[in-house]
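>>> Structure, please.
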Amino acid sequence: MTRSTKIRAGLARRARIILDLADGVTYEVITARTKASATTISRWKQRFQARGVGGLLDEPRSGRPDRLSVATEAKILRLTKSKPPKPFTHWSVRRLAKKAGVSPATVQRVWKRAGLKPHRLERYMESPDPDFETKAADIIALYLNPPENAAVFCVDEKTCIQALDRRDRVLPLSPGRAERHGFEYIRHGTVDLYAALEVATGRVHGTTADRHSSVEFLSFVQSVVAQEPNDREIHVILDNQSTHKTPAVKEWLAQHPNVHFHFTPTYSSWLNQVEIWFSMIERDLIARGIFRSKVELRRSLMQYIRAHNQSCRPFHWRYADPKRRIRTIVTSDTVH
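From the prediction side, this is the model:
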């Protein structure tokens with residue numbers, strides 16, 4: 001309770017008083033720390049001794065009690081979890097209130113109490129890969145316990161990055177007003193970005209191309225491998241795109257036995273750490289960037305990679321529950 005960032009300050013102070021009392025701290029010291037009087041400290045001590053942690057909660061306040069019956073609340077909850085009449089896809093406050101015969105404020109109170117938000121919708125993707133657990137475990141092992149003296153790279157391509165220019169000038173931000181871009185834009189073509197994230201350091205190797213065929217992919221992988229010692233074992237994590245599995249790629253792998261490809265399960269791009277870096281460059285550069293040509297776009301992409309590598313840090317992964325997705329934590333202040 002004292003470490004929580006969401007709990008009310010008054011409740012955290014009461015918990016702090018109890019912990020100090022348990023440590024044998026005197027009333028004078030507790031008063032200096034928490035600004036609570038001796039009477040207040042004694043009252044919370046007695047309530048904690050009598051009722052435990054529940055004794056630290058506020059007593060019911062005066063005023064009109066909640067006149068909502070248990071049956072009515074159960075009816076609202078049951079209707080909320082059921083399908084609304086056609087053609088509606090979800091319940092609104094007023095629609096459900098009319099159906100249940102209560103006021104909209106009552107529906108809002110019940111929803112808030114139960115933590116229900118029918119207006120919200122979340123989407124998910126389930127992998128149909130029958131070997132999901134095996135492939136995921138292989139990649140997770142490379143993150144958590146990589147082979148000794150081996151290099152691990154996360155490789156992927158961000159395709160069809162548009163070089164967009166704006167017809168109208170940009171209006172800068174001002175107090176109370178965000179930066180504004182004109183709605184109309186001019187297309188100057190697209191560029192593909194190949195990136196290889198070095199797991200141990202967070203450093204990114206990148207290059208741009210006009211196409212994303214097997215030729216460009218293989219050329220990029222060769223340039224990444226060429227920077228490593230010839231006898232070093234190299235593990236590459238990548239997705240199942242067809243350009244990663246052509247006969248030319250397989251022949252090149254056979255000629256380089258120290259290079260090993262590890263494919264993520266189907267629909268599981270979140271297992272590839274380079275996707276996190278792609279979200280960073282999308283947010284920091286591409287989404288709001290204004291590029292007057294493909295040359296300017298290429299130049300900006302490479303400038304971003306160089307700037308990233310000057311202060312790069314590795315992503316640290318945790319895997320606590322096999323039924324849950326991996327949680328990513330980056331040591332910098334840019335992404336969580």
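>>> What is the least confident helix or strand in this protein?
The element with the least model confidence among the helices and strands of the chain, by mean pLDDT, DSSP states H and E, is strand 327-330, at a mean of 46.
>>> Pass me the low-pLDDT residue ranges in the stretch 51-200 of the chain, would you?
Scanning the stretch 51-200 of the chain for pLDDT under 70 picks out nothing.
>>> how about the helices of it, start to end?
Chain-ordered helices for the stretch 51-200 of the chain, with DSSP state H, counting those that start in this stretch as the definition, fall at 70-80, 93-100, 104-114, 132-144.
>>> for the longest one, packing partners?
Under the contact criterion of 3 or more CB pairs under 8 Å, 6 or more residues apart in numbering; DSSP states H and E, helix 132-144 touches strand 233-238, strand 259-263, strand 315-318. No exception for glycine: its C-beta is placed from N, CA and C like everyone else's.
>>> Equivalent analysis for the first one, please.
Using 3+ CB pairs under 8 Å, 6+ apart as the contact criterion, the elements in contact with helix 70-80 are helix 93-100, helix 104-114.
>>> ok, and what's touching that helix?
Contacting residues not belonging to helix 70-80 are listed as 91, 96, 99-100, 102, 106-107, 110-111, 113-114, 116, 118 [CB atoms under 8 Å, 6 or more residues apart in numbering].
>>> rerun that using 10 Å as the cut-off
Contacts of helix 70-80 with the rest of the structure, by CB atoms under 10 Å, 6 or more residues apart in numbering, involve 66, 68-69, 90-91, 95-97, 99-102, 106-107, 109-111, 113-114, 116, 118.
>>> Kindly report the same for the last one.
Outside of helix 132-144, the residues within contact range by CB under 10 Å, 6+ apart are 126-127, 129, 131, 147, 150, 152-154, 199, 235-237, 240, 260, 262-268, 271-273, 314-319, 322, 325-326, 328.
>>> Tell me which strands the biggest strand by length in the chain pairs with, and in which orientation.
Among all segments of the chain classified by DSSP state E, the strand with the greatest residue count is strand 150-166. Strand partners for strand 150-166, identified by DSSP bridges, are recorded as strand 185-198 (antiparallel), strand 233-238 (parallel).
>>> returning to what we had before: nearest to Leu57, of the helices and strands packed on helix 132-144?
In terms of CB to CB, the element of the helices and strands packed on helix 132-144 nearest to Leu57 is strand 315-318, at 33.0 Å.
>>> Okay, now the unreliable bits of the stretch 201-336 of the chain?
Judged against pLDDT under 70, the low-scoring parts of the stretch 201-336 of the chain cover residues 317-336.
>>> Can you give me the domain assignment for this structure?
9-56, 70-114, 132-330 (automatic domain parsing).
>>> For Ser62, find the nearest of the ones you listed.
Shortest separation from Ser62 across the domains of the chain is recorded for domain 9-56, at 18.0 Å, computed as CB to CB.
>>> What is the end-to-end distance of that closest one?
For domain 9-56, the first-to-last residue distance is 12 Å (CA to CA, to the nearest Å).
>>> now that domain, how far from the chain's geometric center?
Shown here is domain 9-56, whose average C-alpha point lies 38 Å from the average C-alpha point of the whole chain (CA atoms, centre = their mean, to the nearest Å).
>>> For stretch 149-166, list every residue counted as buried.
Neighbour counts using 16 or more other CB atoms under 10 Å place 151-158, 161-165 of stretch 149-166 among the buried residues.
>>> Please pick out the residue of the protein most distant from its centre.
When distances are taken from the C-alpha mean of the chain, Thr39 lies farthest, 46.4 Å away, according to CA atoms, centre = their mean.
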